[in-house]
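**Q** what shape does this take:
(4 chains)
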Amino acid sequence: MSHRVSVQFFGITREIIGASTLTLDLPQPGRVGELLNSLKAQYPALSGLRSLLVAVNGEYAEPEDPIQPNDEIALIPPVSGG
Amino acid sequence: MSHRVSVQFFGITREIIGASTLTLDLPQPGRVGELLNSLKAQYPALSGLRSLLVAVNGEYAEPEDPIQPNDEIALIPPVSGG
Amino acid sequence: MNSAFKYVSTDEAGAITFFFGTVRNSTNSRNVEQLEYEAYDRMALKKMQEIADEACRRWNILRYVVVHRKGTLLTGEIAVLVAVATPHRADAYDASRYIIDTLKQTVPIWKKEYFDDGQVWVDAHP
Amino acid sequence: MNSAFKYVSTDEAGAITFFFGTVRNSTNSRNVEQLEYEAYDRMALKKMQEIADEACRRWNILRYVVVHRKGTLLTGEIAVLVAVATPHRADAYDASRYIIDTLKQTVPIWKKEYFDDGQVWVDAHP
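**A** Numbers count the residues shown, from 1 in each chain, chains lettered A, B, ... in the order given. Reported below is the predicted structural model:
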């Protein structure tokens, strides 16, 4: 059983993926670490980044955190504001 | 032998002395410490200040520094700018 | 800037600090022609509010303004503004520095530098 | 303030700090109605220049402005302004703080606070 999640991309990850949003199938219940691994497998250039975090509903998440349907998911490459 | 020096006063020392400028006779060669002692003797309220420095030609001076005729002398009570 | 100053001014303030992050014309002696900032808006605003709230817990802050621009910026333009008003100056300096340091570490905003010979997402790679 | 900002702005600057010392409406919970600043002008200008020169030796400062007002100031008015532009922000914060801290310790300017029930030369007595 799986569920679909929509993932947002910004900055260099948007350019690596070639899209601002992707809809992915994740095993249910998905975890942040699984999402990251699946994306890194499909887009090896992601592994070359200095860091790569996942935000769930606008909060930085840990690899073991679950992903629920309708969560707002975003990939966060190294930030450089300011 | 003595010489006359003109001394400027600011802030609380101006109010204690009751003048912005005084002309004093100092033994020649006068020293900063002598000037201070002479003023404190005449105006005991000066001794109640948290600090009292003398500037000679716009520079903080030590008690043993000499005072020459035509030096610009000022009494400097505790500063409180800013 | 004037409106930020008016906003943070208050009769209880003895100190007001402003920090402006501006677009520098060079990085590692390469010539920067322009910058582009991209933000994850919803999370960026939330994180900036969290940082300001934490600063208000740590220091005696009367008023503050935190603004980050996005889109294309040219050399000399202001990218970020942090204004803090406090009764005493140590708090204004410390809070301002905490806000900008933490903002740079945690707020999801990304900067791309455009050089005459290419473009780079800042700090993306080791 | 705008003219100070324009003056310190430069394409090599990545950080600009402003410090404003403003007239607070109370000291030790006494109500301050107004302030009066008196200065030994010649020496104050000399000392402020020395402080700025020393800051330029210690930090990589591109431009700076240091202004102190004198005479009568009301609550909320700006008494002192320190603006510093540097390539990187740590220098702008450190230099700004050095300048205002040293100015307060060494520049011959005196502040008199007027309360509803009297007046006091600040810090004059132990």
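
**Q** quick one: contacts for residue C:13?
**A** C:62, C:63, C:85, C:86, C:87, D:22, D:24, D:76 (CB atoms under 8 Å, 6 or more residues apart in numbering or on different chains). (Each C-beta comes from the backbone N, C-alpha and C, glycine too.)

**Q** among those, which two are most distant?
**A** C:86 and D:76 (14.4 Å; CB to CB).

**Q** against chain D, how distant is residue C:87?
**A** For residue C:87, the distance to chain D equals 6 Å [CB to the nearest CB, to the nearest Å].

**Q** okay, and the beta partners of residue C:119?
**A** residue C:114 (DSSP bridges).

**Q** how far away from the center of its chain is the helix or strand of chain C with the lowest mean pLDDT?
**A** Least confident helix or strand, chain C: strand C:26-27 with a mean of 84, by mean pLDDT, DSSP states H and E. Computed by CA atoms, centre = their mean, to the nearest Å, the chain-centroid distance of strand C:26-27 equals 18 Å.

**Q** next SSE after it?
**A** strand C:30-39 (DSSP states H and E).

**Q** list the contacts of that next one.
**A** Outside strand C:30-39, the residues touching it (CB under 8 Å, 6+ apart) are A:10-11, A:14, A:81, C:23-26, C:68-75, C:79, C:108-116.

**Q** keep only those of these that are in strands.
**A** Judged by DSSP state E, the subset of the contacts of strand C:30-39 located in strands is C:26, C:68, C:71-74, C:79, C:109-115.

**Q** buried stuff in stretch C:82-101?
**A** C:82-87, C:89, C:91-100 (16 or more other CB atoms under 10 Å in any protein chain shown).

**Q** contacts with chain A among those residues, please.
**A** Near chain A, judged by CB under 8 Å from any CB of the partner chain, the entries from these are residue C:100.

**Q** the buried residues of stretch C:82-101 in helices, which ones?
**A** Among those, the members found in helices (DSSP state H) are C:89, C:91, C:92, C:93, C:94, C:95, C:96, C:97, C:98, C:99, C:100.

**Q** let me know the closest of those to chain A.
**A** Among these, residue C:100 lies closest to chain A (CB to the nearest CB), at 6.1 Å.

**Q** so which residues of chain A form helices?
**A** A:11-17, A:32-42.

**Q** how far does the shortest one sit from its chain's centre?
**A** Mean-position distance between helix A:11-17 and its chain equals 11 Å (CA atoms, centre = their mean).

**Q** then stretch C:77-87?
**A** A distance of 7 Å separates the centroid of the chain from that of stretch C:77-87, by CA atoms, centre = their mean.

**Q** is chain B contacted by it?
**A** No. Judged by CB under 8 Å from any CB, stretch C:77-87 and chain B are separated, with a smallest distance of 13.9 Å.

**Q** can the least confident helix or strand of chain C be found next to chain A?
**A** No. Against chain A, strand C:26-27 shows no contacts by CB under 8 Å from any CB, the least distance being 11.1 Å.
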